[in-house]
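Peer 1: Take a look and give me a structure for this.
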Amino acid sequence: MTKRMRLFLTLFLGMMSAMAPLSTDMYLPALPEFTTDFGISASLAQLTLTMTMIGMAAGQMIMGPLSDRYGRRPPLLAGMIVFALTAAGCALVRDIYVFLALRFLMGFAGAAGIVIARAIARDVAEGVELTRFFAILMMVNGLAPILAPVIGGQVLLFADWRGIFVLLIIVGLVQTGATVVYRETLPVERRIADLGASFRKFPALLHDQYFLGHCLTQCFVFGAFFSYLAGSTFLFQNIYHVTPQVFSLIFGGIGVGLLVCGIVPARLAGRVPDVELLMGSIAIPVIGSAALLAGFLLDAPIGYTLPVLFVTIVPLSVMGAASAIPMGVLMLAGYTLGGITFLTLIYPDHRRGGKIMMAQRR
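Peer 2: Next up, the predicted model:
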């Protein structure tokens, strides 16, 4: 791989892996304004985020196998074109239910960039080079959620919420052009012959208790995290009355905490068992979300809410409503259910594995 190609792929894959935070986090500061403009409830406005995430989840399950069968370029190009078109539709539409459908399609199309970026990295690199690519992608995944809401907040200084989608149109067009330039990295002889084989493997995974335990833990914990994503903008702008720009800085600050906290597993690797790191990353948010809910019920000031929220959210990297109380309830429920799943489906396997290893050493 030439130096020029390496630079292009680094920028190309970095932007592709940022499609998720660009689609969701950039839009967060505008949610209260969007709610007022459409004359809808906060919960319906938050559903626009949910539809995007559902689209992204479904899109990764479909786009990944398609790229293994037909090559990386065709599904990626289709995804970027649809992403730009749906962003244009979101900027123009006036019906909330049409908007919800467009957000789902936008998430589905953006998923092509998320999942295929990692596949391309595996196509062109291995060993140390692959590790370097993934490190860059992880850095982008850490920085994008910090920068996206800040960018969105600045756009709101001179445009309404539609200006954010105009910016997303530009992102989609730039990525479409980059995909046209990109040369296919999956040779025909390495492509799968049977597309259905990829989908037929999914049920087998769900019968693996250990795998299912991790999936459910991630599901509950990230469910709590997305209640924060959806609810935080209403919490700070509608209840604490901060500006969209100040909210974007608060959100970005918590993002910095997530980025820094993500270094912890690497520092503790080999010294602290993975299962104990996972246990701590669940236990701290459970306690924090209980303290956060108590603060909401007692109308705590922002000086209390902000540090407690920070401590509750940032451990996520080691592994949201107009009223703040539903956000607190969902976060407490999500982290608690994640903890219960961890203790019942994951921790016993680690204990059994540890006993087997001790017996083998004897």
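Peer 1: When you work out contacts or count neighbours from here on, use the C-alpha atoms and nothing else.
Peer 2: Noted.
Peer 1: looking at this structure, which helix or strand is least sure?
Peer 2: helix 324-341 (a mean of 43; mean pLDDT, DSSP states H and E).
Peer 1: tell me which element Ala57 is part of?
Peer 2: In this assignment (DSSP states H and E), Ala57 forms part of helix 42-70.
Peer 1: Flag every buried residue along that helix.
Peer 2: Within helix 42-70, the residues that count as buried by 16 or more other Cα atoms under 10 Å are 42, 45-46, 48-53, 55-56, 59-70.
Peer 1: try stretch 91-103
Peer 2: Across stretch 91-103, burial judged by 16+ other Cα under 10 Å covers Ala91, Ile96, Phe99, Leu100, Ala101, Leu102, Arg103.
Peer 1: for the second one, what are its contacts?
Peer 2: If a contact means Cα atoms under 8 Å, 6 or more residues apart in numbering, then Ile96 has Phe38 as its contacts.
Peer 1: Dihedrals phi and psi, it?
Peer 2: Here is the backbone geometry of Ile96 (degrees, to the nearest 10): phi -60, psi -30.
Peer 1: what pLDDT does the closest residue to Leu147 other than its chain neighbours get?
Peer 2: In this structure, Leu147 finds its nearest non-sequential neighbour in Gly252, 6.6 Å apart by Cα to Cα, 6 or more residues apart in numbering. In this model, Gly252 is scored at 80, pLDDT.
Peer 1: Quick one: neighbours of Val242, just the number.
Peer 2: 16 (other Cα atoms under 10 Å).
Peer 1: Show me the shaky parts of the stretch 101-250 of the chain.
Peer 2: The stretch 101-250 of the chain contains residues with pLDDT under 70 at 128, 131-142, 198, 205.
Peer 1: how about 80 then?
Peer 2: 125-147, 193-231, 233-234 (pLDDT under 80).
Peer 1: re earlier: for the helix holding Ala57, packing partners?
Peer 2: Applying 3 or more Cα pairs under 8 Å, 6 or more residues apart in numbering; DSSP states H and E, one finds that helix 42-70 contacts helix 19-24, helix 31-38, helix 73-92, helix 96-124, helix 195-200, helix 209-234.
Peer 1: what is the orientation angle of it with helix 209-234?
Peer 2: Per axes from the mean of the first three to the mean of the last three Cα atoms, to 10 degrees, the angle that helix 42-70 makes with helix 209-234 is 140 degrees.
Peer 1: I'd like the helices and strands packed on helix 42-70 as JSON lines, with distance to Ala300 appended.
Peer 2: Putting the helices and strands packed on helix 42-70 into JSON lines (distance: least, Cα to Cα, whole Å) gives the following:
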{"stretch": "helix 19-24", "distance to Ala300": "28"}
{"stretch": "helix 31-38", "distance to Ala300": "21"}
{"stretch": "helix 73-92", "distance to Ala300": "36"}
{"stretch": "helix 96-124", "distance to Ala300": "34"}
{"stretch": "helix 195-200", "distance to Ala300": "49"}
{"stretch": "helix 209-234", "distance to Ala300": "15"}
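Peer 1: Arg4 is nearest to which of the ones you listed?
Peer 2: With Cα to Cα as the measure, helix 96-124 is the member of the helices and strands packed on helix 42-70 nearest Arg4 (13.6 Å).
Peer 1: quick one: that closest one to chain centroid distance?
Peer 2: Relative to its parent chain, helix 96-124 has a centroid offset of 12 Å by Cα atoms, centre = their mean, to the nearest Å.
Peer 1: Then stretch 217-230?
Peer 2: On Cα atoms, centre = their mean, the centre of stretch 217-230 falls 10 Å from that of its chain.
Peer 1: same check, this time on stretch 28-42
Peer 2: Relative to its chain's centre, stretch 28-42 lies at 22 Å (Cα atoms, centre = their mean).
Peer 1: Quick one: low-confidence residue ranges for the stretch 251-362 of the chain.
Peer 2: Checking the stretch 251-362 of the chain against pLDDT under 80 turns up 251, 255, 258-281, 315-362.
Peer 1: The same query, at a cut-off of 50, please.
Peer 2: Applying pLDDT under 50 to the stretch 251-362 of the chain flags residues 320-335, 337-342, 345, 354-362.
Peer 1: hey, where'd the helices end up in it?
Peer 2: Per DSSP state H, counting those that start in this stretch, the stretch 251-362 of the chain carries helices over the ranges 264-268, 274-297, 302-313, 324-341, 347-361.
Peer 1: who's in contact with the third one?
Peer 2: Under the contact criterion Cα under 8 Å, 6+ apart, helix 302-313 has outside partners 225, 240, 254, 257-258, 284-289, 291-292, 295.
Peer 1: got a markdown table for these, with distance to Gly127 and neighbour count too?
Peer 2: Putting the contacts of helix 302-313 into a markdown table (distance: Cα to Cα, whole Å; neighbours: other Cα atoms under 10 Å) gives the following:
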| residue | distance to Gly127 | neighbour count |
| --- | --- | --- |
| Phe225 | 33 | 21 |
| Tyr240 | 49 | 11 |
| Ile254 | 33 | 20 |
| Gly257 | 29 | 19 |
| Leu258 | 27 | 23 |
| Ile284 | 35 | 17 |
| Pro285 | 35 | 29 |
| Val286 | 38 | 23 |
| Ile287 | 40 | 16 |
| Gly288 | 39 | 22 |
| Ser289 | 40 | 27 |
| Ala291 | 44 | 19 |
| Leu292 | 43 | 28 |
| Gly295 | 48 | 19 |
